[in-house]
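In: I need the structure of the sequence given here:
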Amino acid sequence: MTVSDVADHVEHARDLAGAAHIGLGGDYDGTPVLPPDLRDVSRYPVLAAELQRRGWGADDLRALAGGNVLRVLEATDERFARTAFVR
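Out: Numbering: from 1, shown residues only. Presented below is the predicted three-dimensional model:
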């Protein structure tokens, strides 16, 4: 498995769900094989460089690297704050 293989997978997810609905996770527990260039989350810039080489822009890379997750968590927090104590 290579960084290119991982980029293929990320692009497939983007093609299915859209760039606003995908993100990277850092839980590598239970993964028996890792690409040498992606042995841990500190190597995400290698994946970002591959995706950028494929034409990904800065906004989509920021969304993938955490922006999408933060957006969803903020929306969830706001919704909870408005409804948590309403019965």
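In: Enumerate the positions of the worst-scoring helix or strand of the chain on mean pLDDT that are buried.
Out: Of all helical and strand segments in the chain, the minimum by mean pLDDT, DSSP states H and E falls on helix 68-83, at a mean of 90. If you call a residue buried by 16 or more other C-beta atoms under 10 Å, then helix 68-83 has these buried ones: residue 68. To be clear about C-beta, it is placed using only N, CA and C from the backbone, and glycine gets the same treatment.
In: distance between that helix and the chain's centre?
Out: Between the centre of helix 68-83 and the centre of its host chain there is 18 Å, according to C-alpha atoms, centre = their mean, to the nearest Å.
In: got it, and stretch 53-72?
Out: When C-alpha coordinates are averaged (C-alpha atoms, centre = their mean), stretch 53-72 and its chain have centres 7 Å apart.
In: for stretch 37-48, same thing?
Out: In terms of C-alpha atoms, centre = their mean, the centre of stretch 37-48 is found 12 Å from the chain centre.
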